[in-house]
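*Asks:* My questions concern the predicted model and sequence given below.
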Amino acid sequence: GNSVTQMEGPVTLSEEAFLTINCTYTATGYPSLFWYVQYPGEGLQLLLKATKADDKGSNKGFEATYRKETTSFHLEKGSVQVSDSAVYFCAPSTGRRALTFGSGTRLQVQP
Amino acid sequence: DTAVSQTPKYLVTQMGNDKSIKCEQNLGHDTMYWYKQDSKKFLKIMFSYNNKELIINETVPNRFSPKSPDKAHLNLHINSLELGDSAVYFCASSHSDMGRSTEAFFGQGTRLTVV
């Protein structure tokens, strides 16, 4: 089955700092890769995705590149804001299998 | 319009009771899921239905029984509730495109507290 490993949080940054959240995965077949974000008290929302090797997903200033050789999909943002404080989940998906999540990484951005 | 809606949003109940959580999606998706999120935010798939057929049934106690009356609905019934069932339960849906799952859309979650 699929699995994902993310850095443990919380990650605490000051506003305008550079963000990296590491994600590595194991998957059967050739997965699509997703980053989801969960704001406090809400469900998960899709942040970005990539469906094949070397694809870069991007949204709201966040980026992640599908690295097949290292089975990684690290999330980056050049300048975080307080409103980015949330839990971030990396998830591979193969075929008809459900997205595989882990514990996510909590990001706390301080003013 | 809410894409994936769950009811209720909060549910507090006593041990031993039976309860149901309802989920509906208006996106025309053919696949629906139930996930359980524990207090440490770990999110685990419980069930997956594709066109009303069960395709994933992870290691979940048989006290949990999903029911899909049609493609737009996937309800979760829980018998004999236990303290350890306390969690946030998320419903989600997606579209299968040529055998590959596309992005999933999530409901707002149901916070279940068993006392």
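*Replies:* Arrived safely. Residues are numbered from 1 along each chain as shown, chains lettered A, B, ... in the order given.

*Asks:* going forward, measure contacts between C-alpha atoms and count neighbours the same way
*Replies:* Will do.

*Asks:* Any regions of the chain where pLDDT drops low?
*Replies:* Answering for chain A, as no chain was given. A:95-96 (pLDDT under 70).

*Asks:* Not quite, go with chain B.
*Replies:* B:1, B:97-101.

*Asks:* Spell out which parts of chain A neighbour chain B.
*Replies:* Contacts of chain A with chain B, taken as C-alpha under 8 Å from any C-alpha of the partner chain, map to A:34, A:41-46, A:93-104.

*Asks:* filter these to the buried ones?
*Replies:* Neighbour-count burial (16 or more other C-alpha atoms under 10 Å in any protein chain shown) applied to those gives A:34, A:43-46, A:93-104.

*Asks:* that older thread, restricted to strands, list the residues of chain A next to chain B.
*Replies:* If you go by DSSP state E, those have A:34, A:44, A:45, A:46, A:93 in strands.

*Asks:* Dump those to JSON lines, plus distance to residue A:54.
*Replies:* As requested, those are exported to JSON lines (distance: C-alpha to C-alpha, whole Å):
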{"residue": "A:34", "distance to residue A:54": "14"}
{"residue": "A:44", "distance to residue A:54": "25"}
{"residue": "A:45", "distance to residue A:54": "23"}
{"residue": "A:46", "distance to residue A:54": "19"}
{"residue": "A:93", "distance to residue A:54": "17"}
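
*Asks:* and which of those is nearest chain B?
*Replies:* Relative to chain B, the closest of those is residue A:44; by C-alpha to the nearest C-alpha it sits at 5.8 Å.

*Asks:* now that we're looking at the closest one, how far away is residue A:25 from it?
*Replies:* Residue A:44 is 19 Å from residue A:25, where distance means C-alpha to C-alpha, to the nearest Å.

*Asks:* Can you name the residues that contact the most centrally placed residue in chain B?
*Replies:* Centroid-nearest residue in chain B, with C-alpha atoms, centre = their mean: residue B:34, separated by 2.7 Å. Taking C-alpha atoms under 8 Å, 6 or more residues apart in numbering or on different chains as the criterion, residue B:34 is in contact with B:45, B:46, B:47, B:48, B:76, B:89, B:90, B:91, B:92.

*Asks:* Output those residues in TSV; the columns should cover distance to chain A and secondary structure.
*Replies:* Formatted as TSV, those follow (distance: C-alpha to the nearest C-alpha, whole Å; DSSP: H, G, I helix; E, B strand; the rest coil):
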residue	distance to chain A	secondary structure
B:45	7	strand
B:46	10	strand
B:47	9	strand
B:48	7	strand
B:76	17	strand
B:89	10	strand
B:90	7	strand
B:91	9	strand
B:92	9	strand
